[in-house]
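# With the sequence up front, the predicted model follows.
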Amino acid sequence: MRIGIIGVGGVGGYFGGLLAQAGHDVVFVARGTHLAAIQQDGLSIDSQVKPIKGLRVHAVNDAAGEKPCDLVLIAVKLWDTDSALAAAKPLVGADTRIASLQNGIEATDKVLAAFGPEHALGGVAQIGASIGQPGLIKHAGTMARLQLGALTGERLPLLADFAAAAQQAGFDFNEPDSISRALWEKFVFLASFSGVTALTRCSIGPIMAEPKTRALYAAAVREACAVADAKGAGLAPNHAERAIDFTAKLPGHMKASMLHDLERGARLELPWLSGAVAALGAQLGVPTPTHSFIDAALTLQAG
């Protein structure tokens, strides 16, 4: 397969790197010192699952002149969505499918608006990974899973091919019955996980071990589920408890990328996570005191 990766951070770097190592034709669109390091020394992944050292890949800062891809994956921070979609255009041909693997619940609608239903897919990435230093992706834990699906629910031959590619590359992939529901399931988890780890400046293990902070996390999950239910997301009735139990089983050292960003003084995705839960709650008449507090408490660091 020919695959385009727009944004070579933790998500794009890990999955794209594994696909390239497996022999697929992958074009990475990156920038800055990270791009320079990849071009000079190759792409490296520090992982207990699939480590890679100095893999030579095709990485550019502009896809103009590149051949169209079978599949394009958007993996940038949420404030870069519009520029990423513009950067992807040269890679999108008549039969190309394109999906966002970003956080939040809004990016898929932007893909749909930019490229239309004949090209747009929904996408979910589940992984703890970040840029350790230019040219190096650090993978925390063992979780590394992608979900892709047509927004109409139809089964696509392309995704059967991608499933085979993922198996060959060594990461989990599935095509869910409802990618829209899968997007909401991730949003419930990630908005809560990001908000509480960033608020407490702490990895998830101590948060779940301390009754007070575990209750804080549980309250955030239940609020996000209530918002999803009000939007008709179709979550299972016990989804909140399942999400809390799932989080309790994660490696204790895991942190959300938003906490990594906070620790290095970078911009935060807060408006698209806890901020979005609070805003949607206000629109729908759903109380969201926990996410509203997280949004307020981190606002001064968000920029």
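Arrived safely, thanks for sending.
# quick one: residue 188 and residue 205, what's the gap?
20 Å (C-beta to C-beta, to the nearest Å). Glycine gets a C-beta too; all of them are placed from N, C-alpha and C.
# out of these two, which sits in the more crowded spot?
Neighbours were tallied for residue 188 and for residue 205 using other C-beta atoms under 10 Å; the higher tally belongs to residue 188 (26 against 15).
# check contacts around that one.
Each residue near residue 188 by C-beta atoms under 8 Å, 6 or more residues apart in numbering is listed here: 221, 224-225, 228, 235, 239-240, 243.
# which intervals of the stretch 51-200 of the chain have sub-threshold pLDDT?
Flagging of the stretch 51-200 of the chain using pLDDT under 70 yields an empty set of residue ranges.
# what are the ranges of the helices in it?
In the stretch 51-200 of the chain, the segments counted as helices under DSSP state H, counting those that start in this stretch are 81-88, 107-115, 157-169, 179-200.
# The last one to helix 107-115, inter-axis angle?
It refers to helix 179-200. Orientation of helix 179-200 against helix 107-115 (axes from the mean of the first three to the mean of the last three C-alpha atoms, to 10 degrees) gives an angle of 130 degrees.
# Could you tell me how far helix 179-200 lies from the centre of the chain?
Computed by C-alpha atoms, centre = their mean, to the nearest Å, the chain-centroid distance of helix 179-200 equals 10 Å.
# which residues are in contact with the following helix or strand past that helix?
Counting by DSSP states H and E, the element after helix 179-200 in chain order, helix or strand, is helix 204-209. Identification of contacts with helix 204-209 by C-beta under 8 Å, 6+ apart yields 193, 196-197, 200, 213-214, 216-217, 247-248, 250-255.
# let's go with 7 Å and repeat that
Helix 204-209 has contacts (C-beta atoms under 7 Å, 6 or more residues apart in numbering) with 193, 196-197, 200, 213-214, 217, 247-248, 250, 252-254.
# One more: stretch 46-66?
Contacts to stretch 46-66, defined as C-beta under 7 Å, 6+ apart, come from residues 4, 8, 17-18, 20-21, 26-31, 35, 38-39, 41-45, 87, 90-91, 132, 136-139, 142, 144, 170.
# if you set the cut-off to 8 Å instead, what comes out?
Taking C-beta under 8 Å, 6+ apart as the rule, stretch 46-66 contacts 4, 8, 14, 16-18, 20-21, 25-31, 35, 38-39, 41-45, 87-91, 132, 136-139, 142, 144, 170-171.
# what about residue 293, helix or strand, and which?
Taking DSSP H and E as the criterion, residue 293 maps to helix 289-302.
# Oops, could you answer that again for residue 45 instead?
Take DSSP H and E as the rule and residue 45 turns out to sit in strand 43-46.
# Please identify the buried residues of that strand?
Along strand 43-46, the positions that meet the burial threshold by neighbour count (16 or more other C-beta atoms under 10 Å) are 43-45.
# circling back: packing partners for the helix holding residue 293?
helix 179-200, helix 211-230, helix 274-284 (3 or more C-beta pairs under 8 Å, 6 or more residues apart in numbering; DSSP states H and E).
# orientation of the shortest one relative to helix 289-302 in degrees?
Computed with the same axes, to 10 degrees, the direction of helix 274-284 lies at 130 degrees from that of helix 289-302.
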